[in-house]
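Visitor: Build me a model:
(one chain, ligands or ions: 1)
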Amino acid sequence: MRIYAAQSVQRYKKILAENPSNPKKTLFTKLFDPEKGGLADDEIQKEAQGYIVAGSDTTAVTLTYLTYAVCGNRRIRDKVVAEVTALSEPIHDNDIRNLPYLNMVISETLRIYTAVPFGLPRSVPSGGASFNGYFLPSGATVSTQSYSLHRDPTIFPDPYTFNPERWENPTKEMKDISIPFGGGSRICIGLHLARMELRLGSVLFFREFPNAQRSDKEGMSTKDMEMQSFFLMAPKGHRCLIETE
Ligand code: HEM
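Guide: Coordinates of the predicted model:
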């Protein structure tokens, strides 16, 4: 990935050299201009690497678990299929961003199959802070994480069951405690893009494969799909087999 990021930076520098006044714009275009507070090549490369990890595996893992969860319950799958097959082509995000059942399925996937089970660390500001009766000294590193919050049985009854309907009328506590994208000023910068990808990916998949179901070929089982933390969460067996009826 380091090499890929370095090559991308070099490719873009070539584009800039060929058309310095009007280059094809990317997220990083301004960073290449040292006169406008840009960064050095190796700094851009590190940023690019961060975006590749933060923006690809997260969504891929979430979409994998969404597909697996939906395909494991015919009632849920058929409700998703009914909603997405009622759409007419061409499909644009505007047509699907408010699909009620699909959004519940996505919220439930982000609750129970959080790809990022932790929060990135924060430093307590100078002067320290009091939280829940505890004093946190200035400079201490603190963090919270979504994995156990999303499984709190007092907020999410029967927390280990994939139940999209629980999002039909979510309580304030459910909304407050759900942090699949973190929170505060450093909340995931890609959350809207991620939700868009999850919506589009699911719509296209279940329109194309309305009869998709879990496969047990090649010994595939739920054991393969147990979540393991490789920094990001991912299926333990590194695979997810789905077949059509
Ligand atoms: C389902 C998909 C995703 C999940 C679950 C997710 C989750 C998270 C979480 C929990 C954080 C830490 C936030 C915090 O500490 O408060 C984070 C940070 C970040 N995410 Fe995402 N993310 C996803 C998709 C994306 C995408 C698509 C992009 C970019 C294209 C992205 C870019 C980033 C970046 C750059 C940060 C660091 C933000 C900062 O430190 O200011 N993420 N993400």
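
Visitor: Break the protein into its domains for me.
Guide: Annotated domains of the chain cover 1-29, 39-117+146-243 [the TED database].

Visitor: Out of those, which one sits most buried?
Guide: Per residue and on average, the most neighbours among these fall to domain 39-117+146-243, with a mean of 16 (mean count of other Cβ atoms under 10 Å). For the C-beta atoms, the positions are set from N, CA and C on the backbone; glycine is no exception.

Visitor: Near the ligand, which residues of the chain are found?
Guide: Neighbours of the ligand within the chain, by Cβ under 6 Å from any ligand atom: 50-51, 54-55, 58-59, 62, 115-116, 119-120, 180-184, 186-190, 193-194.

Visitor: Filter those residues down to just the ones in helices.
Guide: When DSSP state H is applied, these are split such that 50, 51, 58, 59, 62, 193, 194 fall in helices.

Visitor: In JSON lines, list the residues you listed along with pLDDT and distance to residue 216.
Guide: Shown next, in JSON lines, are these (pLDDT from 0 to 100; distance: Cβ to Cβ, whole Å):
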{"residue": "50", "pLDDT": "85", "distance to residue 216": "38"}
{"residue": "51", "pLDDT": "84", "distance to residue 216": "37"}
{"residue": "58", "pLDDT": "94", "distance to residue 216": "28"}
{"residue": "59", "pLDDT": "96", "distance to residue 216": "27"}
{"residue": "62", "pLDDT": "97", "distance to residue 216": "23"}
{"residue": "193", "pLDDT": "94", "distance to residue 216": "34"}
{"residue": "194", "pLDDT": "95", "distance to residue 216": "30"}
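
Visitor: among those, which two are most distant?
Guide: The widest separation within these, taken as Cβ to Cβ, falls between 50 and 62 and amounts to 18.2 Å.

Visitor: related to what we said a few turns ago, return the member of the domains of the chain having the minimum mean pLDDT.
Guide: Lowest mean pLDDT of the domains of the chain: domain 1-29, a mean of 84.

Visitor: How far away from the center of its chain is that domain?
Guide: 26 Å (Cα atoms, centre = their mean, to the nearest Å).

Visitor: Span of it from start to end?
Guide: When the termini of domain 1-29 are compared using Cα to Cα, to the nearest Å, they are 20 Å apart.

Visitor: quick one: contacts of stretch 67-80?
Guide: 101-102, 105, 108-109, 112-113, 162, 164, 202, 205-206, 212-214, 225, 240, 242 (Cβ atoms under 8 Å, 6 or more residues apart in numbering).

Visitor: and what of stretch 185-200?
Guide: For stretch 185-200, contacts defined as Cβ under 8 Å, 6+ apart pick out 54-55, 58-59, 62-63, 66, 91, 93, 96-97, 99, 102-103, 106, 109, 116, 120, 122, 181-182.

Visitor: Which of those fall in strands?
Guide: Using DSSP state E, the subset of these located in strands is residue 122.

Visitor: just the helices in this structure please.
Guide: 2-18, 41-52, 58-71, 74-85, 93-96, 100-112, 146-149, 172-177, 191-208.

Visitor: The nearest residue to residue 49 once chain neighbours are set aside and the ligand: what is the separation?
Guide: Excluding the flanking residues, the one nearest residue 49 by Cβ to Cβ, 6 or more residues apart in numbering is residue 5, at 4.6 Å. As defined by Cβ to the nearest ligand atom, to the nearest Å, residue 5 lies at a distance of 14 Å from the ligand.

Visitor: if I pick residue 5, what's in contact with it?
Guide: Residue 5 neighbours (Cβ under 8 Å, 6+ apart): 45, 46, 48, 49, 52.

Visitor: just residue 90 next, same as before
Guide: Counting by Cβ under 8 Å, 6+ apart, there are no residues that residue 90 touches.

Visitor: What distance do you get for it to the ligand?
Guide: In this view, residue 90 and the ligand are 23 Å apart by Cβ to the nearest ligand atom.
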